[in-house]
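[1] heads up, no residue letters with this:
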């Protein structure tokens with residue numbers, strides 16, 4: 001059996017990129033104290049509406065369709081879908097103070113249903129598989145670097161032979177890290193997540209920061225669904241392709257200890273684990289065992305973190321708790 005390490009690393013990066021968006025978006029949400037378990041639903045909505053935007057643009061523009069415009073439309077469509085879904089979650093949990101866990105699970109069901117409805121509606125309209133033209137597919141899956149850089153031995157395939165979303169995800173994570181750790185607004189957001197009563201007493205609007213973090217974080221997570229649909233699924237709607245991706249992203253948040261930079265290597269690791277059964281099959285190990293390895297790894301990390309009791313490795317103290325100003 002031939003084993004290609006560079007090919008495995010590339011596959012891990014490409015399969016981990018949707019998880020990178022889903023995880024980083026949820027980290028931002030949870031830093032505000034909101035626990036949105038509806039990432040699965042948000043990613044379904046992002047995948048369906050991202051494909052819808054690119055598909056409608058491609059049909060309207062015909063042979064004159066421009067790749068980067070299709071990419072931007074899909075990106076913004078998915079982001080907008082994620083914001084709308086997260087806005088519903090925020091209204092129920094922040095304004096109406098509904099239980100966050102129950103609301104998140106409801107958002108998973110709602111978002112999955114909406115995504116499936118939009119995807120199947122497109123299939124019925126075209127009478128078959130929903131896809132975009134080959135030129136637009138290249139814009140989504142092709143490398144953004146020139147051929148000369150891609151051809152560099154070892155470094156070319158490892159660094160310069162990915163689609164644009166890999167590098168966008170990297171930029172988003174770095175910006176998120178700098179925002180949370182190097183800016184005053186980021187400090188305010190972390191304060192809201194740690195102790196909303198203290199933040200409120202200091203004049204920081206708990207409602208504003210939770211709404212903004214949850215909606216922007218949800219938008220980023222939804223982009224992960226679009227990336228999966230437009231790259232891994234080949235710009236074709238598959239109603240089962242995204243199943244489980246959102247839950248892996250939620251598990252990855254814990255695995256990364258709520259730190260944005262950790263999501264970079266964590267998403268690559270989980271991406272590799274998710275496709276390891278295809279690259280390194282072991283006859284006596286069932287595929288299902290391979291697929292639960294990420295969750296086992298998350299459980300192990302959670303146990304280790306709980307035993308070490310380091311405050312910097314713990315979730316925000318106010319995570320999952322609604323803030324009642326009257327109890328301050």
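    Sure, I can see it. Everything numeric here is computed off the predicted structure, so don't read it as measured data.

[2] Three-state assignment for residue 35, please.
    Assigned by DSSP: H, G, I helix; E, B strand; the rest coil, the conformation of residue 35 is coil.

[3] and it, what does it touch?
    Taking CB atoms under 8 Å, 6 or more residues apart in numbering as the criterion, residue 35 is in contact with 29, 100-101, 104, 319-320. For every residue, glycine as well, the C-beta is placed using N, CA and C.

[4] just among these, which is most surrounded?
    residue 29 (31 neighbours; other CB atoms under 10 Å).

[5] which residue packs closest to that residue, ignoring adjacent ones?
    Leaving out its chain neighbours, the residue that sits closest to residue 29 by CB to CB, 6 or more residues apart in numbering is residue 217, at 3.6 Å.

[6] burial count for that neighbour?
    Neighbour count of residue 217, defined by other CB under 10 Å: 28.

[7] what sits against it?
    Contacts for residue 217 were tallied using CB under 8 Å, 6+ apart; they are 25-29, 32, 36, 86.

[8] so which of those comes closest to residue 233?
    Compare each of the contacts of residue 217 with residue 233 using CB to CB and the shortest gap goes to residue 25, at 19.7 Å.

[9] what about residue 189, which SS state?
    Three-state assignment for residue 189 (three-state DSSP): helix.

[10] contacting residues around the nearest residue to it once chain neighbours are set aside?
    Spatially, and ignoring its direct neighbours in sequence, residue 189 is nearest to residue 209 (5.2 Å; CB to CB, 6+ apart). Counting by CB under 8 Å, 6+ apart, residue 209 touches 32, 188-189, 192, 199.

[11] sorry, back to before: okay, the contacts of residue 217 in CSV with secondary structure next?
    As requested, these are arranged in CSV below (three-state DSSP):
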residue, secondary structure
25, helix
26, helix
27, helix
28, helix
29, helix
32, coil
36, coil
86, helix
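
[12] so how far does stretch 157-166 reach from one end to the other?
    One end of stretch 157-166 sits 13 Å from the other (CA to CA, to the nearest Å).

[13] what about the strands in the stretch 51-200 of the chain?
    Taking DSSP state E, counting those that start in this stretch as the criterion, the stretch 51-200 of the chain carries no strands.

[14] low-confidence ranges in it?
    Along the stretch 51-200 of the chain, segments meeting pLDDT under 70 are nowhere present.

[15] which residues sit against stretch 251-260?
    Applying CB under 8 Å, 6+ apart, the set of residues contacting stretch 251-260 from outside is 19, 22-24, 26-28, 30-31, 173, 176-177, 180, 262-263, 266-267, 270, 294-295, 297-298, 301-302, 305, 313, 315-316.

[16] may I see the buried residues of stretch 241-259?
    Judged by neighbour count (16 or more other CB atoms under 10 Å), stretch 241-259 contains these buried residues: 241-242, 245-259.

[17] show the average pLDDT along it.
    The predicted model assigns stretch 241-259 a mean pLDDT of 90.

[18] could you tell me how far it lies from the centre of the chain?
    Counting by CA atoms, centre = their mean, to the nearest Å, stretch 241-259 is centred 8 Å from the centre of its parent chain.

[19] residues contacting residue 321?
    33, 196.

[20] relative to residue 195, how far out is it?
    10 Å (CB to CB, to the nearest Å).

[21] which parts of this protein are helices?
    Assigned by DSSP state H, the helices in the chain fall at 5-31, 39-61, 67-90, 100-126, 134-141, 147-150, 155-159, 164-182, 184-194, 196-201, 206-227, 245-255, 262-279, 287-308.

[22] relative orientation of the last one and helix 262-279 in degrees?
    It refers to helix 287-308. Helix 287-308 and helix 262-279 meet at an angle of 150 degrees, taking axes from the mean of the first three to the mean of the last three CA atoms, to 10 degrees as the criterion.
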